[in-house]
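>>> Fold the following.
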Amino acid sequence: MGLFDSINKMKNTANQALNNAAGGSKTMEIAIPELPETLEQFKALPQASLSNPFDTAAMTVLALCFYPQDSELCFSMLEYLRGPRPLSPYDKSFIKDRFRDADYVPRSYFKGATPQNDYQPSQPYAIKVAENPYSYANENYAKLFVFSGGADNPREITMRLAKDGKWYLWEQFILVGIRQPESENPWA
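You can find the predicted model right below:
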C-alpha cells in the first residue's frame, strides 16, 4: 500500500457519499409556471398546496428571491410556508444578514442560473430538488437538497409534515456562500 493510497480511498468514499446525497432516490425538477408579484399570486401557484416536500422546497427558494426587492413580501411568503410556526425576530435578522453582501444566492437555485450569466435563470423557471436514502430518516420530516449553479454540492432544506397533511418549511440552509457572479468577481 502506497503512502497516499489510504487518503485516496477516503476521498473516494467521501465522494461516493456526496454522490448519494445529490443523486438519491428521486430527483424532481419543479417548474414555476409564472413568477408571482403578490402573496395571493404566490399562494395560487400549484406548488403552494404544500402537498409534498419537493414543492415546499421549491417554494422556499422562490420566496427568498423576493427579499432584495420587498423584504416584507418575502417574510409573508415564508410565514405561509412555515404554517403554524411563525418567523421569529432572529429568523428575520438572520435572513437580512445573509442578503447584506449577496442578493443573487437564491436565484442561483433556478435552472440555468450560473456565475457566467450573473445568475439569471432560464425560462421556463425550474428548480431541481432531490432526496437521498436518508431524507426521511426522522418521522414526519423530509430533508431534501436543492442544486445551485454556483455551488459544487446541493444545499439542504428540511420540511415537516403537519396534521393537516401539508409539508411546511422547518429549516433551510440555502443562504450560504456561492461563487460570485462574473460581473462582481475581479478574478473572473
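>>> sec struct for residue 69, please.
Under the three-state scheme (DSSP: H, G, I helix; E, B strand; the rest coil), residue 69 adopts coil.
>>> Quick check: end-to-end length of stretch 93-104?
18 Å (C-alpha to C-alpha, to the nearest Å).
>>> Now do the buried residues in it.
Under the neighbour-count criterion of 16 or more other C-beta atoms under 10 Å, stretch 93-104 has 95, 98, 99, 102, 104 buried. To be clear about C-beta, it is placed using only N, CA and C from the backbone, and glycine gets the same treatment.
>>> any idea whether the last one is helix, strand or coil?
Secondary structure assignment for residue 104 (three-state DSSP): coil.
>>> hang on, it packs against residue 119?
Yes: between residue 104 and residue 119 there is a contact at 4.3 Å, judged by C-beta atoms under 8 Å.
>>> anything in contact with each of these two?
Taking C-beta atoms under 8 Å, 6 or more residues apart in numbering as the criterion, residue 104 and residue 119 both touch 150, 181.
>>> Which secondary structure element of the chain has the lowest mean pLDDT?
Scoring the helices and strands of the chain by mean pLDDT, DSSP states H and E places helix 5-22 at the bottom, with a mean of 46.
>>> C-terminal to that one, what's the next element?
strand 27-32 (DSSP states H and E).
>>> what mean pLDDT does that next one have?
What strand 27-32 shows for mean pLDDT is 96.
>>> in it, what counts as buried?
27, 28, 30, 32.
>>> residue ranges for the strands of the protein, please.
27-32, 125-130, 141-146, 155-161, 167-172 (DSSP state E).
>>> nearest to residue 185, of the ones you listed?
strand 155-161 (20.4 Å; C-beta to C-beta).
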